[in-house]
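Colleague: what's the 3D shape of this:
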Amino acid sequence: MELELRHLKTIRTIADAGSLTRAATTLGLAQPALSAQLRRIERALGGALFERGRYGVRATALGELVLERTRVVLPAVAELQREASRFARARQEPERLRLGGTHGPLLGALLERLTDMAPGAAVTTSASWSERELAAQLTDGRLDFALSGTCGSATPPGPEQLVWREIAVDPVLVMLADDHPLAGADEIDLAALADQEWACVPGDGCFADCFTAACARAGFSPRRMYETDTASCVHLVRVGRTVGLCRASFPATPGISLRPVTGTPLVWRHLLGWHATAQRPDLAEQVLDQARSAHAGLIGPEQRVP
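Modeller: Prediction:
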């Protein structure tokens, strides 16, 4: 009889169970059948693997040698199977892609590219203003990939099992009505807006604190900040009720001028996230490449932060 992988698994099960009776139950065999199989294995290996006693079985010296080899061989074979499975899946088009993202045009631009990349896949989207909610959906397996971001160099949300890769870094711009006195400036000093009220979309990261700190460095405290949806933010800016804050990837909007802030005191890091054990590395790299291309298509080189 030639030794097979299933024989090594049987030996490992007997050793872990500590008795033939318990091992037979685990393996779904009758005890006499397991005893007969063990005898055949022992003949193939040249000696007894276990000493049978009143309270169970104990490995012999030969048994310990074989068990030591199983601790190497069985995990190696299992990893080979996993790698082969990942390789096989890598050559297939994904059946579905569940994509999440915060507000902004990048989600739509990436969706367009993913449907071109994998035309047979069912691509679905989910939007949330909360970076933490998107991280939770990745952690729970409700999303495959998420577009999120952080202010400056802040730590991305979620547990360490999540992988976050940088797509690009945008300067945060000021949104002004076209008839605002500063709308024609090449760039705007933050202190020149000290008497203004502000509007931006919500988030649960540190952006609000970073903005307040930037204003403090410029010598003032913001009078009021309205957190609202994108359409309302645009309306408040267009009618002159507020000035706004947006990323450089914000689309051109009639009646609105976007201007950089002197010294670029605020930046936004666009990130793509996924669960480390749930995604094929090759697919994750493809989606990341598409996200970077999508972002590059939204803004000009002069608007990017090196």
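Colleague: Helices of the stretch 1-150 of the chain, start to end?
Modeller: 5-17, 20-27, 31-45, 61-90, 106-117, 131-139 (DSSP state H, counting those that start in this stretch).
Colleague: highest average neighbour count across those?
Modeller: Mean neighbour count (mean count of other CB atoms under 10 Å) peaks for helix 131-139 among the helices of the stretch 1-150 of the chain, with a mean of 21. Every C-beta, even on glycine, is put in place using the N, C-alpha and C of the backbone.
Colleague: for the record, mean pLDDT for that helix?
Modeller: Averaged across helix 131-139, the pLDDT comes to 92.
Colleague: ok, and what's touching that helix?
Modeller: Residues outside helix 131-139 that contact it (CB atoms under 8 Å, 6 or more residues apart in numbering): 100-102, 126, 128, 143, 145-150, 156-159, 161-162, 203-205, 273-275.
Colleague: try 10 Å this time
Modeller: 98, 100-102, 126-128, 130, 142-150, 154, 156-159, 161-164, 203-205, 207, 271, 273-275, 278-279 (CB atoms under 10 Å, 6 or more residues apart in numbering).
Colleague: pLDDT weak spots in the stretch 51-200 of the chain?
Modeller: Scanning the stretch 51-200 of the chain for pLDDT under 70 picks out 85-94.
Colleague: mind putting the helices of the stretch 1-150 of the chain in TSV, distance to T262 included?
Modeller: Below are the helices of the stretch 1-150 of the chain laid out as TSV (distance: least, CB to CB, whole Å):
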stretch	distance to T262
helix 5-17	68
helix 20-27	70
helix 31-45	78
helix 61-90	48
helix 106-117	26
helix 131-139	28
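Colleague: The ones you listed: which one's closest to P181?
Modeller: helix 106-117 (31.4 Å; CB to CB).
Colleague: contacts for the closest one?
Modeller: Counting by CB under 10 Å, 6+ apart, 93-94, 97, 99-101, 121-127, 145-147, 149, 167-168, 170, 247, 249, 251, 270, 272, 283, 286-287, 289-298 sit against helix 106-117.
Colleague: Please compute how far it lies from its chain's middle.
Modeller: 17 Å (CA atoms, centre = their mean, to the nearest Å).
Colleague: Just the CA atoms of that helix, as PDB, please.
Modeller: Coordinates of each C-alpha in helix 106-117 appear next as PDB, following Å, rounded to 0.1, in the frame of the first residue of the first chain:
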ATOM      1  CA  LEU A 106     -14.900  59.300  -8.000                       C
ATOM      2  CA  LEU A 107     -17.500  56.600  -7.200                       C
ATOM      3  CA  GLY A 108     -19.300  57.200 -10.500                       C
ATOM      4  CA  ALA A 109     -16.000  57.400 -12.500                       C
ATOM      5  CA  LEU A 110     -14.700  54.200 -11.000                       C
ATOM      6  CA  LEU A 111     -18.100  52.400 -11.600                       C
ATOM      7  CA  GLU A 112     -17.800  53.300 -15.300                       C
ATOM      8  CA  ARG A 113     -14.300  51.800 -15.500                       C
ATOM      9  CA  LEU A 114     -15.200  48.700 -13.600                       C
ATOM     10  CA  THR A 115     -18.100  47.900 -15.800                       C
ATOM     11  CA  ASP A 116     -15.800  48.200 -18.800                       C
ATOM     12  CA  MET A 117     -13.100  46.100 -17.100                       C
END
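Colleague: Please shift the residue numbers so they start at 25 in all later answers.
Modeller: In the new count, where the first residue is 25, that last one comes out as helix 130-141.
Colleague: can I assume C239 sits in a helix?
Modeller: Yes - checked against DSSP: H, G, I helix; E, B strand; the rest coil, C239 lies within a helix.
Colleague: residues touching it, list them.
Modeller: 214-215, 217-218, 222, 245-247, 249, 289.
Colleague: mind running it again at 8 Å?
Modeller: Per CB under 8 Å, 6+ apart, neighbours of C239: 214, 218, 245-246.
Colleague: Cheers, nothing more for now.
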